Every structure is written in C-alpha cells, then in structure tokens.
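# using only what follows, build the 3D model:
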Amino acid sequence: MKRLWLLATILILSISLAGCSRTQTPQPSDIKNVVITLERTVCFGACPEYTLTIRGNGTVTYEGRRFVKIEGTRTTTISEEKIRQLLSEFQSVDYFSLDDSYEEFGATDMPSAITSLTINGKTKTVRHYHGDFTAPGKLTELEDKIDEIVNSDQWIK
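Down below sits the predicted model:
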C-alpha cells in the first residue's frame, strides 16, 4: 500500500511540475529591444511571399518577393501603442509556450507563416504550415493580426 501511495505521489508531482515548466511569454524590460517578424511563403498557387520585421522603436521593414503588389524593400513606422498592441497579441496566445513547429501535412500545396519574437534577449520562432490541422487557431489569428496592425495590405494587395 505504501508503494502505491508513493507511486501516486510521484505521478502527481511529475504532472504538477510538467505544468510549471511551460515557458511563459515574458514582458519586455525595454520595448525598444523587441523584434517581431512574420514571413509568409508561397504555395502551389499565387500566395504572397514577403517578410515583415517590426522593431520596438516602431520601424517596420517589408521585403516583398513574389505575388505581391510591391516587390523589394519598403520601410515605415508604427506607433509605440501599436507595438504594445502586437506584444499583447503575443501574450494572449502565450507565444513562448507554443510548439516550435506545426508542419504536418494534413493538406498539400499550402503556404507557411514563420513568426518570431525577440524579447529580453530571448527569441522564439514558430514555423506554421497552413496545411497542418493540429496548429492552434490562435496562431493563425496572431499571424493575421500582425498583418492588420502593420497594414501590410498597402504593399501586398
């Protein structure tokens, strides 16, 4: 009986500690050092291929490659409020606790989105193939929110 109790206790502690080991998305110690990226890749059709790099000082760099209205590099700025809004979106999906990769092929010929967040010197990158049906919907929402907040449509459509 003691052995069963001991095994049960160890199991409960292991489960509890596993829950504590999740990496929480940190708050920035200095917003100016934050870097957010979104890269969208091509698909079998004409999906836009581009990269956005957003820095904590408000600088946004767009690099359009294929199937976009504007190819090449463009730079603009967004407000600190929008940077904070983006950070809030990353916090709300608990970005640092997401898997590094959602790249199973539930459907073929789909585009991918690769996001990253550098905050307090730590970088997390998530590769998301849009044909992977195991990816959380909140990840797709985050990717779309980055485009929306930056207004990437000005270069893409």
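# helices of this protein, start to end?
Assigned by DSSP state H, the chain shows helices spanning 2-20, 80-92, 137-150, 153-156.
# the longest one - what's its average pLDDT?
Helix 2-20 shows a mean pLDDT of 42.
# swap in the shortest one?
Across helix 153-156, the average pLDDT comes to 97.
# also the second one?
Per-residue pLDDT values across helix 80-92 average out to 97.
# in that helix, what counts as buried?
Residues 82-83, 86-87, 89-90 are the ones in helix 80-92 that count as buried (16 or more other Cβ atoms under 10 Å). C-beta coordinates here come from the backbone N, C-alpha and C atoms, glycine included.
# hang on, Arg65 packs against Glu49?
Yes: counting by Cβ atoms under 8 Å, Arg65 does reach Glu49; the two are 4.3 Å apart.
# if I pick the most centrally placed residue in the chain, what's in contact with it?
Centroid-nearest residue in the chain: Thr115, 3.8 Å away (criterion: Cα atoms, centre = their mean). Counting by Cβ atoms under 8 Å, 6 or more residues apart in numbering, Thr115 touches 36-39, 95, 125-126, 128, 139, 142-143, 146.
# also Lys124?
Here Lys124 is in contact with 23, 25, 95-96, 98, 100, 116-117 (criterion: Cβ under 8 Å, 6+ apart).
# buried subset of these?
The neighbour count (16+ other Cβ under 10 Å) marks 25, 95-96, 98, 116-117 as buried among those.
# Phe96 and Thr25 touch, don't they?
Yes: in terms of Cβ under 8 Å, Phe96 counts as a neighbour of Thr25; the distance is 4.2 Å.
# residues shared between the contacts of these two?
By Cβ under 8 Å, 6+ apart, Phe96 and Thr25 have these common neighbours: 117, 124.
# on that earlier part again, show me how to select, in ChimeraX, the buried members of the contacts of Thr115.
Of these, the buried ones can be selected in ChimeraX as follows, counting by 16+ other Cβ under 10 Å:
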select :36,37,38,39,95,126,128,139,142,143,146
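# okay, the contacts of Thr115 in CSV with distance to Trp155 and pLDDT next?
Below are the contacts of Thr115 laid out as CSV (distance: Cβ to Cβ, whole Å; pLDDT from 0 to 100):
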residue, distance to Trp155, pLDDT
Ile36, 17, 98
Thr37, 15, 98
Leu38, 13, 98
Glu39, 14, 98
Tyr95, 24, 98
Thr125, 23, 98
Val126, 23, 98
His128, 21, 98
Leu139, 23, 98
Leu142, 20, 98
Glu143, 16, 98
Ile146, 14, 98
